[in-house]
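Q: 3D, please:
(4 chains)
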There are 2 protein chains.
Amino acid sequence: MAIFSKTCEYAIRAVFFLAHRSAQGGRVGIKEIAAGIGSPELYLAKILQELGRRGLVSSAKGPNGGFYLDAASLSRPLSDIVEAVDGDGIFRGCALGLKQCSETNPCPLHSQFKAIRDQIHHLLHRTTIGEFNEELVQGLLSLKK
Amino acid sequence: MAIFSKTCEYAIRAVFFLAHRSAQGGRVGIKEIAAGIGSPELYLAKILQELGRRGLVSSAKGPNGGFYLDAASLSRPLSDIVEAVDGDGIFRGCALGLKQCSETNPCPLHSQFKAIRDQIHHLLHRTTIGEFNEELVQGLLSLKK
DNA sequence: ATAATAAAGGACAAAAATATCTTTTATTAT
DNA sequence: ATAATAAAAGATATTTTTGTCCTTTATTAT
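A: Predicted coordinates:
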């Protein structure tokens, strides 16, 4: 098991790719994004459609159309992408899948995993897509598949 | 997405259940385990078969047979169960699913998730099944589904 | 207006994970 | 030896995730 679903991995990579590429104001076609992040084109199209419905990415049809991120999207935390795709299972929910697990009725792993979940949430919540983009632009980090 | 696969959740719960129940030396039938942790009986049987092959649980056929944990199993870290079922994806591997992601060629989430992965690994590696069992015995924690 | 472009949408397909069913094998008690 | 018990093993079924195909809609340029 990975941390995120494959769908979510594609989503995050695509959004980072978009942030990077749409910095100059242009739009990016699905073909280019898919090639850039190494994902199946038509599957990624579905994912971006869904992110579009939720206002996490923008798009335009027709010639010169494509996907892009507006200012509002850039200021969203990365956790919004993760929640849109994978739900909040990674932030909440019991590590052992127990419905009744809670502070007052904890499973054997409860308190330790709560700390970890909180960390993941904090990490994804405190940093916006735009901020990640700045790091990317500085060339310190890689997105290549 | 949850942290562990459903299969792994069942596996951990079953092992904790076994640790608790086989403390008095008895064996526990698959029916009783499945009922105790709220899992599908025949699916759990498959999971325990696999854990058996790997020496993580023991079993005996025939009347008075069933599953149990021997001393060796009790001294194993919980990470062995997780690795047997879910592999090491949670401990290693890139959060964004990138093959080339590494210390020298990090993805945008690399360093932050490395810290989290290490924590998860440490948490699951430093504590043995038997030690979890002791906490369970003290009645502080719940396994009820 | 028309043709070309590119995303949206709906239907379908393949693969993987989860779950069930049936038969076989080993063990125990009679 | 025989019958009963319980896990092991193999086959099959269902559900979810991942991936593809085809048609429609909106936009742009000619």
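Q: who in chain A is up against DNA strand C?
A: A:28-31, A:42, A:45-46, A:48-49, A:52-53, A:59-67 (CB under 7 Å from any atom of the strand). From N, CA and C alone the C-beta is placed, and that goes for glycine too.
Q: okay, and which of these map to helices?
A: Within the residues of chain A next to DNA strand C, residues falling in helices by DSSP state H are A:30-31, A:42, A:45-46, A:48-49, A:52-53.
Q: where does residue A:105 fall, phi/psi-wise?
A: phi -130, psi 60 (degrees, to the nearest 10).
Q: helix, strand or coil: sort out the closest residue to it other than its chain neighbours for me.
A: Once flanking residues are discounted, residue A:105 sits nearest to residue B:142: 5.0 Å by CB to CB, 6 or more residues apart in numbering or on different chains. Classification of residue B:142 by DSSP: H, G, I helix; E, B strand; the rest coil places it in coil.
Q: from residue A:26, how far out is the nearest residue to residue A:35 once chain neighbours are set aside?
A: Sequence neighbours aside, residue A:41 is the residue nearest to residue A:35 in space, at 7.9 Å (criterion: CB to CB, 6+ apart). Distance of residue A:41 to residue A:26, computed by CB to CB, to the nearest Å: 19 Å.
Q: so which of those two has more stuff around it?
A: residue A:41 (13 against 10; other CB atoms under 10 Å in any protein chain shown).
Q: quick one: is stretch A:18-36 near DNA strand D?
A: No. In terms of CB under 7 Å from any atom of the strand, no part of stretch A:18-36 sits within range of DNA strand D; the closest distance is 8.8 Å.
Q: residues of that stretch that come out buried?
A: A:18-23, A:27-28, A:30, A:33-34, A:36 (16 or more other CB atoms under 10 Å in any protein chain shown).
Q: who's in contact with stretch A:19-26?
A: For stretch A:19-26, contacts defined as CB atoms under 8 Å, 6 or more residues apart in numbering or on different chains pick out A:28, A:32-33, A:36, A:66-69, A:74, A:129-130, A:132-133, A:136-137, A:143.
Q: closest one to DNA strand C out of those, please.
A: residue A:66 (3.7 Å; CB to the nearest atom of the strand).
Q: which ones are touching the nearest residue to the closest one once chain neighbours are set aside?
A: Closest residue to residue A:66 apart from its sequence neighbours, by CB to CB, 6+ apart: residue A:27 at 3.4 Å. Contacts for residue A:27 (CB under 8 Å, 6+ apart) come out as A:59-60, A:64-68.
Q: out of these, which end up buried?
A: Buried by 16+ other CB under 10 Å: A:66-68, out of these.
Q: using a markdown table, lay out those residues together with distance to residue B:98 and pLDDT.
A: As requested, those are exported to a markdown table (distance: CB to CB, whole Å; pLDDT from 0 to 100):
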| residue | distance to residue B:98 | pLDDT |
| --- | --- | --- |
| A:66 | 23 | 97 |
| A:67 | 21 | 98 |
| A:68 | 23 | 97 |
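Q: which one of the contacts of stretch A:19-26 is nearest chain B?
A: Of all the contacts of stretch A:19-26, residue A:132 has the smallest distance to chain B: 5.2 Å, by CB to the nearest CB.
Q: isn't the closest one up against residue A:78?
A: Yes. Under the criterion of CB atoms under 8 Å, residue A:132 makes contact with residue A:78 at 6.7 Å.
Q: what packs against the helix or strand of chain A with the lowest mean pLDDT?
A: One helix or strand of chain A scores below all others by mean pLDDT, DSSP states H and E: helix A:129-137, with a mean of 88. Under the contact criterion of 3 or more CB pairs under 8 Å, 6 or more residues apart in numbering or on different chains; DSSP states H and E, helix A:129-137 touches helix A:6-21, helix A:71-74, helix A:78-86.
Q: distance from that helix to the middle of the chain?
A: 13 Å (CA atoms, centre = their mean, to the nearest Å).
Q: next one: stretch A:13-20
A: With CA atoms, centre = their mean, you get 9 Å for stretch A:13-20.
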